[in-house]
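In: Structure, please.
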Amino acid sequence: MQNHIKKFGISVLLLSVVFAPQSFAADESVSIPVTEMKYTDTPQGPVKVAPGYGNRSNGAHSNFVKLPGNFASPPHYHTEDYYATVVTGVMANGKVDAQDIPLPPGSYYFQKGKERHVTKCLSSTECVFFTSQPGSADFVLSK
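Out: Numbering: from 1, shown residues only. Model prediction:
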């Protein structure tokens with residue numbers, strides 16, 4: 001469900017997110033406290049990921065992604081588009097060499113597939129964001 005709210009001339013998009021890990025049947029409701037989420041390492045160094053729904057290696061999926069404070073990814077792209085909501089920390093996501101737009105908790109961004117970009121955690125504390133992607137995940141380094 002999407003609601004639009006106008007405040008001070010800025011449109012804010014509120015997103016409802018359903019968390020349904022793939023180990024559960026689609027018709028089964030799930031509640032997982034943040035303290036029980038299982039983050040695992042990724043090939044992208046200090047970046048960690050916890051599953052939402054689906055399987056990131058072969059189809060539509062969602063994940064919680066954790067970045068350390070003051071982190072900047074190398075320039076890269078993903079084959080598929082993805083949609084993200086910042087959960088904790090202050091992030092930026094944009095084209096290489098673009099000015100950072102600080103994204104505090106509750107902020108949303110869309111990343112077009114095959115577009116070079118950099119993802120950053122601007123805060124000194126870790127950042128967590130929730131992603132949804134219509135296809136399998138990849139991380140392709142680019143210069």
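In: how about the strands in this structure?
Out: 2-7, 10-15, 40-41, 48-54, 61-67, 71-72, 76-77, 82-88, 91-94, 108-111, 118-121, 127-133, 140-141 (DSSP state E).
In: could you give me the average pLDDT of the second one?
Out: Summarised as a single mean, pLDDT over strand 10-15 is 28.
In: returning to what we had before: out of the strands of the chain, which comes closest to Ser31?
Out: Ser31 lies closest to strand 48-54 among the strands of the chain, at 13.4 Å (Cβ to Cβ). For the C-beta atoms, the positions are set from N, CA and C on the backbone; glycine is no exception.
In: can you state the direction angle for the closest one and strand 61-67?
Out: 170 degrees (axes from the mean of the first three to the mean of the last three Cα atoms, to 10 degrees).
In: Gly94 - how many residues pack around it?
Out: 17 (other Cβ atoms under 10 Å).
In: if we can go back for a sec, which one of the strands of the chain has the lowest average pLDDT?
Out: Looking at the strands of the chain, the bottom one is strand 10-15 with a mean of 28.
In: contacting residues for Val118?
Out: Val118 makes contacts with 72-76, 92-96, as judged by Cβ atoms under 8 Å, 6 or more residues apart in numbering.
In: now swap in Ser132 and tell me
Out: Counting by Cβ under 8 Å, 6+ apart, Ser132 has contacts 17, 52, 60-62, 82-84.
In: 10 Å instead?
Out: By Cβ atoms under 10 Å, 6 or more residues apart in numbering, the contact set of Ser132 is 15, 17-18, 52-54, 60-63, 81-85.
In: Give me the buried entries from these.
Out: By neighbour count, with 16 or more other Cβ atoms under 10 Å, those hold 52-54, 61-63, 82-85 as buried.
In: okay, among those, which ones form the most distant pair?
Out: Farthest pair in the buried ones among the contacts of Ser132, by Cβ to Cβ: Gly54 and Thr85, 16.6 Å.
In: one step back: out of the contacts of Val118, which are buried?
Out: 73, 76, 92-94.
In: can I get the residues you listed in TSV with distance to Phe130?
Out: Converted to TSV, those look like this (distance: Cβ to Cβ, whole Å):
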residue	distance to Phe130
Ser73	17
His76	19
Ala92	16
Asn93	13
Gly94	19
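In: Much appreciated, bye for now.
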